[in-house]
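Trainee: My questions concern the predicted model and sequence given below.
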Amino acid sequence: MEIIITVIASVLIFGLVIFIHESGHFLTAKLSGIKVNEFALGMGPKLISKRKNETLYSLRAFPIGGYVSMEGEDEDSDEIGSFSRAPVSNRILVVAAGAIMNLLLGFIVMFAYTASEEALATRTVGGFYEGSYTEQSGLEAGDTIIAMNGRRMFSADDISYELARVQNASADITVLRGGERVELEDVSFERVEYEDGTSGIRIDFYVLAEEKTFANILKQSFLGAVAMGRQIFLSLFDLITGNVAVNQLAGPVGIVTIISTVSSYGIRPLLSLLALLTINLGIFNLLPLPALDGGRLVFLLFEAVTKKRLNPKYEGIVHLVGFALLIGLMIFVTFNDVSRLFAG
């Protein structure tokens, strides 16, 4: 039964995130008068397909991707409705729409998650647990945390994310106390050891809740989505700077393993994971790297500014090389996922 639940949850989560992304490309292409040759969910051999008007709609075997194939997308085409003949503003919108839809889905999911919470957490310290390290370091009840380690805190989630990154069980915290800004240096936290051999810190204070109104739910949902987005950028920064090992990256196999664990805790943790995955996909696709939507946007923005279009042949080569590197990365993270799986 656990395996069945994992499979269903994984297919639904992957399918929804991919469907929303590709629908963004598809709908904006249609609205822009661009011919769509195929709208595909999944990769690999076709399982089901149906043609309606000019577009082939297909469901493919492996639920780990999808695509919208547009006429003249990767080469010049003189056919009416080709991507290459569309105004550059329309092409920019079509390329960006997939990531935008993922970010929008992330906000909607965060709204559902926040609305289901019993209380809405603030950044104001309500009190401390027995033997609190942070209270001994100078944090006081009534303090509103506005920054940690120089980074602005917009929500309670920001506080949790930042504390997960600290290296030495201490943090510099800026608070509002009695209307005044107070700097607290080297606020200490208790380090704890987990059963799997990893370690972390214990948050030994609790925060106050605010009234659960529609406006507050909307605000908290937006701030929660922003917090997730910033955490993704910080994780990427940690990866580049070596603070996080590259073998910690997770691919489809690793994500399925995470879904298996999270699904056992109920629907709310799954909603949080769904929000994280779709926001992650939206941000990742906007990175200015070849083969990604962000890489294509770089070429389109260059054309919009200079009024000159680069030779599609050379642009295609750049994206082909980027795609090959992306496949290499996927193979690497999948190998890591499988290794971790067998290692338990």
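Mentor: Yes, it's here. The structure displayed is predicted, hence computed values, not measured ones. Numbering: from 1, shown residues only.
Trainee: Quick one: the helices in this structure, in order.
Mentor: For the chain, the helices defined by DSSP state H occupy 2-31, 88-115, 133-136, 156-163, 214-241, 252-263, 267-286, 293-306, 312-343.
Trainee: Make TSV out of those helices and add distance to V182.
Mentor: C-beta: built from backbone N, CA, C; applies to glycine. Shown next, in TSV, are those (distance: least, CB to CB, whole Å):
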stretch	distance to V182
helix 2-31	42
helix 88-115	29
helix 133-136	14
helix 156-163	16
helix 214-241	23
helix 252-263	38
helix 267-286	32
helix 293-306	40
helix 312-343	43
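Trainee: Can you check which of these gets nearest to R60?
Mentor: helix 2-31 (10.7 Å; CB to CB).
Trainee: That closest one packs against which elements?
Mentor: strand 36-52, strand 55-70, helix 88-115, helix 252-263, helix 267-286 (3 or more CB pairs under 8 Å, 6 or more residues apart in numbering; DSSP states H and E).
Trainee: switch to 10 Å and redo it
Mentor: Counting contacts by 3 or more CB pairs under 10 Å, 6 or more residues apart in numbering; DSSP states H and E, helix 2-31 is packed against strand 36-52, strand 55-70, helix 88-115, helix 252-263, helix 267-286, helix 293-306.
Trainee: what's the angle between it and helix 252-263?
Mentor: 120 degrees (axes from the mean of the first three to the mean of the last three CA atoms, to 10 degrees).
Trainee: M228 and A29, how far apart?
Mentor: Using CB to CB, to the nearest Å, we find M228 at a distance of 28 Å from A29.
Trainee: again, but for I3
Mentor: To A29, I3 is 38 Å away according to CB to CB.
Trainee: Between the two, which is the more surrounded one?
Mentor: Shown here are I3 and A29; by other CB atoms under 10 Å, A29 has more neighbours (27 against 8).
Trainee: pLDDT at the residue most central in space within the chain, what is it?
Mentor: The chain has N280 as the residue nearest its centroid, 1.5 Å off, counting by CA atoms, centre = their mean. As predicted, N280 sits at a pLDDT of 91.
Trainee: who are the neighbours in contact with it?
Mentor: Contacts for N280 (CB atoms under 10 Å, 6 or more residues apart in numbering) come out as V17, N102, G106, M228, G229, Q231, I232, S235, L236, I255.
Trainee: Those, buried ones only, as a ChimeraX selection?
Mentor: A single ChimeraX command selects the buried members of the contacts of N280 (16 or more other CB atoms under 10 Å):
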select :17,102,106,228,229,231,232,235,255
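Trainee: Go through the contacts of N280 and name the one with the lowest pLDDT.
Mentor: When the contacts of N280 are compared, I255 shows the smallest pLDDT, 79.
Trainee: Surely it touches T6?
Mentor: No: counting by CB atoms under 10 Å, I255 sits too far from T6 to count as a contact (11.1 Å).
Trainee: which parts of stretch 121-129 are buried?
Mentor: Those would be A121, T122, R123, T124, V125, F128, for stretch 121-129 by 16+ other CB under 10 Å.
Trainee: pLDDT weak spots in this structure?
Mentor: 1-2, 196-197, 244-248, 341, 343-344 (pLDDT under 70).
Trainee: okay, which residue of it is out on the far edge from center?
Mentor: Computed with CA atoms, centre = their mean, the most peripheral residue in the chain is D78, at 37.3 Å.
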